[in-house]
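# Below is the sequence, then the predicted model.
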Amino acid sequence: MVAFVLFAAIVYLLPRSRINAEVDTDLHKLTEELRSARVTTAPDGTVRLGIGEDLDNLETAASFFQVLDINGKITLQSRNMETLPSDFGPLDENGLIEQETLNYVIRGDSTMRVLTSPLYDPDGSHIGYMQVGRLVDSIESFNRFLVIALFVGFAGASASLFLAVLLTPSSFKPLEDMAAVTRQITNADDLSRRVPNTERTDEIGVLARSFNQLLERLERLFQTQQRLLADVSHELRTPLTAIRGNVDLMRRMGDADPESLEIIQEEIERMTRLVGDLLLLARADAGGLPLEKQKVELDNLLFEVYRQVRLLEKSVDVKVTEVDQACIMGDVDRLKQLLLNLIGNAIKYTPDGGTVDVSLSKKNGWAYIKISDTGMGIPAEDLPYIFDRFYRVDKARARGHSGQGQGGAGLGLAIAKWIAQAHGGNIDVMSKLGEGTTFTVILPLVVEPKPMALDDPAEELSKTRPGLRVLGSPFRRTSS
């Protein structure tokens, strides 16, 4: 409102003063031109001016001049004064004094700006007055229109201010509610709460939904951290308890029991694998695990892993159903770890007598490695979380012949996911309870440049050495 008032004052006063200054300047110039003429006085006191006809007529119809004697009687006037009423009289009756004056004169519906200056004869005696005027009706009309427009603008600004004061509290109420909820979340450490106003479609609704998504992610990360601490503690406590129990047993027996030593060795190896996997994931998260990428033939790597798996497991039939030649840029050791983790996971959760099928195909610049098992499958509600660290679905993925859950730490799939993503790919999973699970590893293929067609070396040799004939060239290609 303050800015509008200042703007209105500038808009009203600046043009008005500028226009008035221009009108006054024009009146002074016209007066100087008239005063430059020869001034004479008749015996009866009439004042006469020797002016040209151009000044007598005046080019501007809105400008007038009069010459009056010392008594205020009009002795000379511009011809366009004839358009005014006959009883018009002097242009400005209040200006007939012995000093120059500038006044606004209102006659009927017209407004005139009049400059009155005294006239003197060559002897310096005061002999009359000269009045020069200009109609300013259009200027006054503009000023009145400007005042009306400014009042309308002021009314609009006042209404806007009123609406702003009226609507601002209700507009910012959702933000206050969101701030209250965030304070409650902070004070109670309850990340399960959500801010309201998510159904709105404006910026506040977008902010509320974004904030809820942030809270959901923080809650999931916080739960993952809690589960990680609990699972790591459990996974480390179990082998340590087994080792301590067997050591106590051997101490009481006074001799090294081969079975206890074997158990200790297994638990130590299990704990070593767990710590190694945790270290690998920690380095991967910190970006400190570089990949030594080189050209890798996936079909050869797959057969190598297949031969290695066949030597380890006899109760589950592992088969390679389809293999296509595929080449990618990757780290051989990490890719082998990826395949071993997925195939080993499929074998682990497939009952005795079941099958694990492995295939390799390529399509549209991507290599697809599918690993399918005939195990118990994974419930649909658990599928989004199977790649989380330490997440296991033992109740649905238990070995059918043992009836016990597996002793894995739940890090294999997390490592496999990271390896696939580090190579620019991903892992998809499809599962159905009672039928089995299929993991699909998707990796980008190497773009092979198209080989250039080579001419027959014998022909090239004949071109370079015309005198030499080559018979029966062994390099000539034939269509197959």
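Yep, that arrived. Note that this is a predicted model, so its numbers are computed, not measured.
# tell me the strands in the stretch 51-200 of the chain, going along the chain?
Secondary structure of the stretch 51-200 of the chain by DSSP state E, counting those that start in this stretch: the strands cover 63-69, 74-77, 101-107, 110-120, 126-135.
# can you list those in a markdown table and add distance to Phe145 and mean pLDDT?
(Each C-beta comes from the backbone N, C-alpha and C, glycine too.) Below are those laid out as a markdown table (distance: least, C-beta to C-beta, whole Å; pLDDT from 0 to 100):
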| stretch | distance to Phe145 | mean pLDDT |
| --- | --- | --- |
| strand 63-69 | 23 | 84 |
| strand 74-77 | 32 | 81 |
| strand 101-107 | 18 | 85 |
| strand 110-120 | 15 | 86 |
| strand 126-135 | 17 | 85 |
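# mind listing what's buried in stretch 346-360?
When burial is assessed from 16 or more other C-beta atoms under 10 Å, stretch 346-360 yields the following buried residues: 346-351, 354-360.
# just curious, which of those is nearest to Ile378?
For Ile378, the closest of these turns out to be Tyr349, at 8.9 Å, with distances computed as C-beta to C-beta.
# What separation do you get for the closest one and Ser170?
With distances defined as C-beta to C-beta, to the nearest Å, the gap from Tyr349 to Ser170 amounts to 58 Å.
# For Asp382, which of the strands of the stretch 51-200 of the chain is the nearest?
Checking those against Asp382 by C-beta to C-beta gives strand 110-120 as the closest, at 91.0 Å.
# Kindly export that closest one (C-alpha atoms) in PDB.
As requested, the backbone C-alpha atoms of strand 110-120 are provided in PDB (Å, rounded to 0.1, in the frame of the first residue of the first chain):
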ATOM      1  CA  SER A 110     -13.300  26.400 -19.600                       C
ATOM      2  CA  THR A 111     -10.000  26.800 -17.700                       C
ATOM      3  CA  MET A 112      -7.200  29.100 -18.900                       C
ATOM      4  CA  ARG A 113      -3.700  29.700 -17.800                       C
ATOM      5  CA  VAL A 114      -3.000  33.400 -18.100                       C
ATOM      6  CA  LEU A 115       0.300  35.300 -17.900                       C
ATOM      7  CA  THR A 116      -0.100  39.000 -17.100                       C
ATOM      8  CA  SER A 117       2.900  41.400 -17.500                       C
ATOM      9  CA  PRO A 118       3.000  45.200 -17.200                       C
ATOM     10  CA  LEU A 119       3.900  47.400 -20.200                       C
ATOM     11  CA  TYR A 120       6.100  50.500 -20.100                       C
END
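# Using the record, which stretches count as separate domains in the protein?
Using automatic domain parsing, the domains assigned to the chain come out as 2-143, 203-285, 294-444.
# Return the residues in contact with Gly424.
Taking C-beta atoms under 8 Å, 6 or more residues apart in numbering, we find Gly424 in contact with 443-444.
# Just to be sure, it is in a strand?
No - note on Gly424: no strand contains this position according to DSSP: H, G, I helix; E, B strand; the rest coil, which reports coil.
# Find me the pLDDT at it, would you?
You'll see Gly424 listed with a pLDDT of 91.
# Could you do the one 3 residues further on as well?
Each residue has a pLDDT score; the one for Ile427 is 93.
# was I right about it contacting Ala416?
Yes - A contact is recorded between Ile427 and Ala416 when judged using C-beta atoms under 8 Å, the distance being 6.3 Å.
# Need the overlap of contacts for these two.
Common neighbours of Ile427 and Ala416, using C-beta under 8 Å, 6+ apart, are 342, 387, 441.
# Give me the secondary structure label for the second one.
The one in question is Phe387. Assigned with three-state DSSP, Phe387 falls in the coil class.
# so it touches Leu411, yeah?
No - checked against C-beta under 8 Å, the pair Phe387 and Leu411 is beyond contact range at 10.4 Å.
# which of these two has more neighbours?
A side-by-side neighbour count of Phe387 and Leu411, using other C-beta atoms under 10 Å, places Leu411 first with 23 against 17.
# what's the pLDDT at the closest residue to the more buried one other than its chain neighbours?
In space, and not counting its chain neighbours, Leu411 is closest to Asp277: 4.2 Å by C-beta to C-beta, 6 or more residues apart in numbering. According to the prediction, Asp277 has pLDDT 70.
# Which positions in the helix or strand containing Asp277 come out as buried?
Counting by DSSP states H and E, the secondary-structure element that holds Asp277 is helix 258-285. Under the neighbour-count criterion of 16+ other C-beta under 10 Å, helix 258-285 has 260, 263-264, 267, 270-271, 274, 277-278, 280-281, 284 buried.
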